[in-house]
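**Q** I need the structure of the sequence given here:
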Amino acid sequence: MKIAFLGTGLMGSAIVPLLLKRGHELTVWNRTRARVAPLVKLGAVAADSPAEAVKQSEVVFSMLMDDQGMEELTFGSYGLLEALSEGAIHVSLSTISVELSQRLTVEHATRKRGFLAAPVFGRPNIAAEGRLWIVTAGKQDALEKVQPLFASFSRGITVVGDKPYKAHALKIGGNFLITAMIASLSEGFVYAESQSIDPALYIEAVNAALFQSPFYAAYGKVMLHPPETPGATIALGQKDMRLFREAAAATNTRTPLADHFQEQLNQASDAGLRDHDWAAGYYQFIRSISHKTT
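**A** Predicted structure coming up:
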């Protein structure tokens, strides 16, 4: 299949090689040109613009960091919507707002172009192993065409329905729970330290006794042994909490926990941890304030 992949950051550059291994023809584009060089060595073709990349593509994956990047790509100077060929399907792998997802659905339908929401759960190392979990929504014919491609880089798929925004809403809700886990682990680790208990032993015992979750084990390891390159940053955590709270506010739903997490993420960012790992940075911030007195 002829595929365009727009946005080859940490996640995109982990997914593209898996699609190449399946024999697909990939054209790649990234705002920072140097990011596509390793992918070209693997067999991808570099494009100078999104319009050039999607010219003959049947499926177009986009993976940009936020709403601003997606709006610039689709509605702004890059002009993706106008460049998509007839019959092409645009698949948004990004975590974007419910409002923007709804707007993209309308704009694609107006131009008779396919649009699928397919945000992913997993860090770049999980993506490189082909073990992401994909949450997707859109028209059935588009889903049937793209699902074999999803199998190239995922361990499972949840189909939410035919309205793309629901997939983005579910992903945002999932990221809220990740933040809740990080926040509770951070406070639990600080508590363990206050009792002279090794946090690594604490999470090992509690996880074995209660959760039995690889996810808790993996995040505990990240928090206690921060990676050199963050899989996700405090800044991304801030964005996700904002999207969660905005989506909830649109339906007059209160989110007291998310409000608290947003405040702590903002304070961590202001304390100089904005570009630190989302989990490890949160833990570092909680440790730094845990013994302060007023």
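
**Q** any idea how far residue 64 is from residue 75?
**A** 13 Å (C-beta to C-beta, to the nearest Å). Heads up, the C-betas are built off the backbone N, CA and C, glycines and all.

**Q** Which one of the two is surrounded by more residues?
**A** residue 64 (23 against 16; other C-beta atoms under 10 Å).

**Q** after the longest strand along the chain comes which helix or strand?
**A** Criterion DSSP state E: the longest strand present in the chain is strand 154-161. Using DSSP states H and E, the helix or strand that follows strand 154-161 towards the C-terminus is helix 164-194.

**Q** What residues of that next one count as buried?
**A** 164-172, 174-176, 178-179, 181-183, 185-186, 188-190, 192 (16 or more other C-beta atoms under 10 Å).

**Q** Now residue 162: phi and psi?
**A** phi -100, psi 0 (degrees, to the nearest 10).

**Q** wait, it sits on residue 141?
**A** No - between residue 162 and residue 141 there is no contact under C-beta atoms under 8 Å: 10.5 Å.

**Q** and stretch 268-285, what's its mean pLDDT?
**A** Model confidence over stretch 268-285, given as mean pLDDT, is 97.

**Q** Using neighbour counts, pick out the buried residues of it.
**A** Under 16+ other C-beta under 10 Å, the buried positions of stretch 268-285 are 268-269, 273-274, 276-285.

**Q** Work out which residue lies at the spatial centre of the protein.
**A** residue 95 (5.0 Å; C-alpha atoms, centre = their mean).

**Q** residues contacting the closest residue to that one other than its chain neighbours?
**A** Nearest residue to residue 95, sequence neighbours excluded (C-beta to C-beta, 6 or more residues apart in numbering): residue 119, at 5.0 Å. Residues near residue 119 by C-beta atoms under 8 Å, 6 or more residues apart in numbering: 92, 93, 94, 95, 96, 134, 135, 167, 168, 171.

**Q** Quickly check these for the two that are furthest apart.
**A** 96 and 134 (15.0 Å; C-beta to C-beta).

**Q** ok, the two, which is more surrounded?
**A** residue 96 (28 against 25).

**Q** Need the phi and psi values for the more buried one.
**A** According to degrees, to the nearest 10, residue 96 has phi -120, psi 170.

**Q** surely it meets residue 70?
**A** Yes - Residue 96 is in contact with residue 70 according to C-beta under 8 Å; the separation is 5.4 Å.

**Q** Pull out the buried residues from stretch 26-35.
**A** In stretch 26-35, counting by 16+ other C-beta under 10 Å, buried: 26, 27, 28, 29, 30, 35.

**Q** pLDDT (mean, whole number) over it?
**A** 93.

**Q** heads up, I number from 32, so please use that
**A** Yes, from this point I'll number from 32; that puts the last item at stretch 57-66.

**Q** what about that stretch, how long is it end to end?
**A** Across stretch 57-66, the terminal residues are separated by 15 Å (C-alpha to C-alpha, to the nearest Å).

**Q** What lies in contact with that stretch?
**A** With contacts defined as C-beta under 8 Å, 6+ apart, stretch 57-66 is touched by 33-40, 43-44, 47, 50-51, 67, 70-71, 74-81, 83-85, 88.

**Q** Could you pick out the buried ones from these?
**A** 33-40, 43-44, 47, 50-51, 67, 70, 75, 77-78, 81, 84-85, 88.

**Q** Show only the entries of those found in helices.
**A** 43, 44, 47, 50, 51, 70, 81, 84, 85 (DSSP state H).

**Q** Report the contact partners of the second one.
**A** With contact taken as C-beta under 8 Å, 6+ apart, residue 44 is in contact with 66, 69, 70.

**Q** what's the answer for the last one, then?
**A** Remark: with contacts taken as C-beta under 8 Å, 6+ apart, residue 85 is in contact with 35, 37, 58, 91, 111, 114, 115, 116, 119.

**Q** I'd say the fifth one and residue 84 touch.
**A** Looking back up the chat, that one is residue 111. No - contact criterion C-beta under 8 Å: residue 111 and residue 84 do not qualify, at 9.1 Å.

**Q** Can you check which residues contact both of the two?
**A** 37, 91.

**Q** Low-confidence regions, this protein specifically.
**A** 323-325 (pLDDT under 70).

**Q** Residue 201 touches residue 189, doesn't it?
**A** Yes - the criterion here is C-beta under 8 Å, and residue 201 meets it with residue 189 at 7.4 Å.
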